[in-house]
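Engineer: This is the structure alone, sequence omitted:
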């Protein structure tokens, strides 16, 4: 037990302070990337919003910048009880990482919404009801907790992640000063922790990948 407030302050100082939930980074590149966005969509965006033609090239950092909320995944162990005599004892036999939810800010070109719509369409064609093979629609997702100088202090990689649902977006006449957002739920095979070197490599690989809305 700590003896005084000074002890707490000393310990926190040695460990760089407390972690802050608003300092995080999310990186991923959707599958089946192209160099240019949908040309009709890009042209429409230029005409309606005055966006630069260079906006037709998708910047992978948009995902990180526009991610409003995310979560580091949890993990649950499944157990069974066994004991011949007396008290039953629990034994673990497998685990589950569940699903994970993220919320993204929407810009006036709805680029993030288009990206996830197209990703879902890639998974299952809504006209033919034909599903792709899993290795054709998954992507690794990196989630990093950052410190005050933006160095990752804890990072995980979601292996073979893909969106399973996109929440409805509410349109409201009374919400004049609100910011529009969209929430997306991801499934994934499992998560693995990344050390500092691995997560820096993963970040660089994601940023250097020229990706676009499918």
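Structural biologist: All right, it came through fine. Computed from a predicted structure; not experimentally measured.
Engineer: Pull the number of nearby residues for residue 22.
Structural biologist: Look at residue 22: counted by other Cβ atoms under 10 Å, it has 6 neighbours. C-beta: built from backbone N, CA, C; applies to glycine.
Engineer: now the helices for this protein?
Structural biologist: 5-14, 39-49, 61-66, 111-123, 196-208 (DSSP state H).
Engineer: counting contacts, what elements does the shortest one pack onto?
Structural biologist: Counting contacts by 3 or more Cβ pairs under 8 Å, 6 or more residues apart in numbering; DSSP states H and E, helix 61-66 is packed against strand 24-27, strand 99-105, helix 111-123.
Engineer: try it again with 10 Å
Structural biologist: In this structure, helix 61-66 packs against strand 24-27, strand 99-105, helix 111-123, strand 139-146, helix 196-208, with contacts taken as 3 or more Cβ pairs under 10 Å, 6 or more residues apart in numbering; DSSP states H and E.
Engineer: likewise the last one?
Structural biologist: Packing contacts for helix 196-208, counted by 3+ Cβ pairs under 10 Å, 6+ apart, involve strand 24-27, helix 61-66, strand 139-146, strand 152-166, strand 190-194.
Engineer: List the contacts of it.
Structural biologist: Residues from elsewhere that reach helix 196-208 (Cβ atoms under 10 Å, 6 or more residues apart in numbering): 25-29, 59-61, 63-64, 139-144, 151-157, 192-194.
Engineer: Report the inter-axis angle for that helix versus strand 139-146.
Structural biologist: Computed by axes from the mean of the first three to the mean of the last three Cα atoms, to 10 degrees, the angle separating helix 196-208 from strand 139-146 equals 120 degrees.
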